[in-house]
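Novice: following is a predicted model, sequence given first.
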Amino acid sequence: MSINSQSDIAANLQIGPTDRGMVRIYVEGENIDLPLDFDPEEAEEIAEELLAAAEAARSMDGPARPGKGVRKPRR
């Protein structure tokens, strides 16, 4: 499987701080229970990569996507 491979796998994603000062990305799905812990600096790098990927995806010409060009408010 690669970045461009589609999948029918569904999973829940939770992100938050741990009681040990780490940032946890927790992936839960059928037959998977995956906690990934990162120090705050690594988490910031991941956030920057996510933002860069989102920007690149927005700029791609492709099939029309619902809500394209509409930014969701930050939580």
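Specialist: That came through fine. Numbers count the residues shown, from 1 in each chain.

Novice: now the helix or strand harbouring residue 47: buried residues?
Specialist: Here residue 47 sits within helix 40-59, counting by DSSP states H and E. By neighbour count on 16 or more other C-beta atoms under 10 Å, the buried set for helix 40-59 is residue 43. For every residue, glycine as well, the C-beta is placed using N, CA and C.

Novice: which strands or helices does it pack on?
Specialist: strand 23-29 (3 or more C-beta pairs under 8 Å, 6 or more residues apart in numbering; DSSP states H and E).

Novice: can you show me the CA trace of the strand it packs on as PDB?
Specialist: Backbone C-alpha positions of strand 23-29 (Å, rounded to 0.1, in the frame of the first residue of the first chain) are rendered in PDB as follows:
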ATOM      1  CA  VAL A  23       1.700  13.900  22.200                       C
ATOM      2  CA  ARG A  24      -0.200  10.800  21.300                       C
ATOM      3  CA  ILE A  25      -1.800   9.900  18.000                       C
ATOM      4  CA  TYR A  26      -4.100   7.000  18.700                       C
ATOM      5  CA  VAL A  27      -5.400   4.900  15.800                       C
ATOM      6  CA  GLU A  28      -8.200   2.500  16.500                       C
ATOM      7  CA  GLY A  29      -9.900   0.300  14.000                       C
END
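
Novice: check which element follows it along the chain.
Specialist: Per DSSP H and E, strand 23-29 leads on to strand 32-38 as the next helix or strand towards the C-terminus.
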